[in-house]
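Colleague: sharing a sequence plus its predicted fold:
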Amino acid sequence: MDSLRRPRLTPVIADVRRAVRGALTSPSELLPETPTATPADVADAPLLLVALSGGADSLALAAATAFEAPRAGLRAGAVIVDHGLQDGSAEVAARAAEQARELGLEPVLVVAVAVGVDGGMEAAARAARYGALERVLAETGARGILLGHTLDDQAETVLLGLARGSGPTSLHGMAAQTGPYLRPLLGIRRADTLQFCADSGLTPWHDPHNTDPAYARVQVRETVLPVLEAELGPGVAEALARTAEQLREDSAALDEMVLEFIEEICEPAEAGIAVSVAALAANPAALRQRVIRFVVHSEFGVTLERVHTLAIARLVTDWHGQKALNVPGVRVERSAGLLVFTAA
């Protein structure tokens with residue numbers, strides 16, 4: 001047991017621990033600065049959970065978190081979600097829980113979920129997983145959950161978003177923190193998490209879904225990225241991750257601009273909300289369309305596709321007396337210098 005907790009310090013182990021340390025010690029609303037815990041107060045320390053599948057990425061994250069959390073004045077546990085999608089999934093979950101306990105994580109929770117069919121298996125599994133994680137957060141009072149997404153995952157996300165034409169929201173990839181979810185390993189390569197496990201004497205589980213070409217992400221991982229690396233030279237994954245970071249900065253700036261003046265250009269309308277046409281027309285297309293998406297999502301809970309956003313924007317930029325426009329979930333009408341949004 002002790003050899004698992006105190007492996008020989010190698011460069012890869014140091015890199016992964018450093019990444020986790022940075023996430024745990026950066027002051028934020030989720031993790032305010034805390035003093036180093038002492039044995040007397042450790043039971044009262046804030047709790048973080050590692051989302052553990054047993055794979056190399058999450059196992060390396062769990063081991064590094066078990067080492068770093070007490071030094072940051074935090075408690076660390078683990079949550080294992082059993083999706084039940086493969087034969088023997090309960091045994092895989094039980095083994096991951098055993099590894100978590102061997103690493104010194106506490107509590108260790110195993111949650112079985114039923115995966116639906118809406119949106120395909122990948123989307124349904126993700127929805128079931130995050131639903132389980134939300135429930136665990138509420139039940140345990142944990143401050144947050146650490147996820148094992150790596151730089152390779154980030155690069156794959158950007159490429160998939162580019163291929164699908166999903167716009168900047170997909171292209172800026174995953175943030176280091178999204179609400180209660182922390183992703184400390186976005187600067188760490190997948191090969192390094194495998195090496196971390198080898199150096200630490202840990203045996204990761206290899207999910208057969210991660211090599212199944214039926215999934216688009218696997219095709220990107222196994223074929224597209226290797227071809228790009230072979231044809232363009234090394235460093236493609238790192239470049240894609242940098243692109244995601246830059247786009248995320250641009251997106252955050254635009255979001256802040258929207259929030260700064262959204263209240264000035266909106267007013268209540270019967271059964272909805274109205275936005276000044278003149279104010280929308282006076283701003284660049286990127287900001288105008290972001291305001292439209294923001295208003296619709298915040299008021300009606302509807303996420304507009306780009307084709308619908310552009311159709312609404314034409315009521316501002318190409319007005320020639322059109323009738324009311326109906327898009328999924330929302331009705332939009334131009335009247336008296338306002339775009340009036342109501343529920344469809």
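Modeller: Good, I have the coordinates. Numbering: from 1, shown residues only.

Colleague: buried residues in stretch 155-175?
Modeller: 155-161, 167, 170-175 (16 or more other CB atoms under 10 Å). In this view, the C-beta of every residue, glycine as well, is placed from N, C-alpha and C.

Colleague: can you list contacts of it?
Modeller: Applying CB atoms under 8 Å, 6 or more residues apart in numbering, the contact partners of stretch 155-175 are 149, 153-154, 183, 186, 216-217, 220-221, 224-225, 236-238, 240-241, 243-245, 247-248, 250-251, 306.

Colleague: start to end distance for it?
Modeller: 13 Å (CA to CA, to the nearest Å).

Colleague: strands of this protein, start to end?
Modeller: 47-51, 75-82, 108-112, 144-146, 177-178, 181-182, 266-269, 272-276, 325-327, 330-335, 338-343 (DSSP state E).

Colleague: could you pull up the mean pLDDT of the second one?
Modeller: Translated: strand 75-82. Here strand 75-82 scores 96 as its mean pLDDT.

Colleague: between it and strand 47-51, how many degrees?
Modeller: Strand 75-82 and strand 47-51 are oriented at 30 degrees to each other (axes from the mean of the first three to the mean of the last three CA atoms, to 10 degrees).

Colleague: how far away from the center of its chain is stretch 216-236?
Modeller: Distance of stretch 216-236 from the chain centroid (CA atoms, centre = their mean, to the nearest Å) equals 22 Å.

Colleague: can you list the neighbours in contact with it?
Modeller: Here stretch 216-236 has contacts from 122, 152, 155-156, 159-160, 209-213, 237, using CB under 8 Å, 6+ apart.

Colleague: pick the one among those closest to Ala64.
Modeller: Asp152 (17.3 Å; CB to CB).

Colleague: shaky segments in this structure?
Modeller: 1-7, 27, 29, 32-42, 166-168, 170 (pLDDT under 70).

Colleague: re the thing from before, need the strands of the chain in JSON lines (columns: distance to Ser298 and mean neighbour count).
Modeller: Putting the strands of the chain into JSON lines (distance: least, CB to CB, whole Å; neighbours: other CB atoms under 10 Å) gives the following:
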{"stretch": "strand 47-51", "distance to Ser298": "29", "mean neighbour count": "24"}
{"stretch": "strand 75-82", "distance to Ser298": "30", "mean neighbour count": "24"}
{"stretch": "strand 108-112", "distance to Ser298": "31", "mean neighbour count": "17"}
{"stretch": "strand 144-146", "distance to Ser298": "24", "mean neighbour count": "23"}
{"stretch": "strand 177-178", "distance to Ser298": "18", "mean neighbour count": "14"}
{"stretch": "strand 181-182", "distance to Ser298": "21", "mean neighbour count": "23"}
{"stretch": "strand 266-269", "distance to Ser298": "10", "mean neighbour count": "14"}
{"stretch": "strand 272-276", "distance to Ser298": "9", "mean neighbour count": "19"}
{"stretch": "strand 325-327", "distance to Ser298": "16", "mean neighbour count": "16"}
{"stretch": "strand 330-335", "distance to Ser298": "12", "mean neighbour count": "18"}
{"stretch": "strand 338-343", "distance to Ser298": "11", "mean neighbour count": "20"}
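
Colleague: need these in JSON lines (columns: distance to Trp205).
Modeller: Putting these into JSON lines (distance: least, CB to CB, whole Å) gives the following:
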{"stretch": "strand 47-51", "distance to Trp205": "14"}
{"stretch": "strand 75-82", "distance to Trp205": "11"}
{"stretch": "strand 108-112", "distance to Trp205": "14"}
{"stretch": "strand 144-146", "distance to Trp205": "18"}
{"stretch": "strand 177-178", "distance to Trp205": "25"}
{"stretch": "strand 181-182", "distance to Trp205": "22"}
{"stretch": "strand 266-269", "distance to Trp205": "50"}
{"stretch": "strand 272-276", "distance to Trp205": "49"}
{"stretch": "strand 325-327", "distance to Trp205": "44"}
{"stretch": "strand 330-335", "distance to Trp205": "45"}
{"stretch": "strand 338-343", "distance to Trp205": "46"}
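
Colleague: mind giving me the domain split of this protein?
Modeller: For the chain, automatic domain parsing gives the domain ranges 2-232, 270-343.

Colleague: what about the helices in the stretch 151-300 of the chain?
Modeller: Using DSSP state H, counting those that start in this stretch, the helices of the stretch 151-300 of the chain run over residues 151-164, 168-171, 190-200, 216-219, 225-232, 236-265, 277-281, 285-300.

Colleague: out of the ones you listed, flag the one nearest Leu24.
Modeller: helix 190-200 (17.0 Å).

Colleague: could you give the angle of the closest one to helix 151-164?
Modeller: Using the same axes, to 10 degrees: helix 190-200 against helix 151-164 is 160 degrees.

Colleague: Gly301: which of the contacts of stretch 216-236 is nearest?
Modeller: Glu122 (23.1 Å).

Colleague: deepest-packed of the domains of the chain, please.
Modeller: domain 2-232 (a mean of 18; mean count of other CB atoms under 10 Å).

Colleague: how distant is that domain from the center of its chain?
Modeller: How far domain 2-232 lies from its chain's middle: 11 Å, per CA atoms, centre = their mean.
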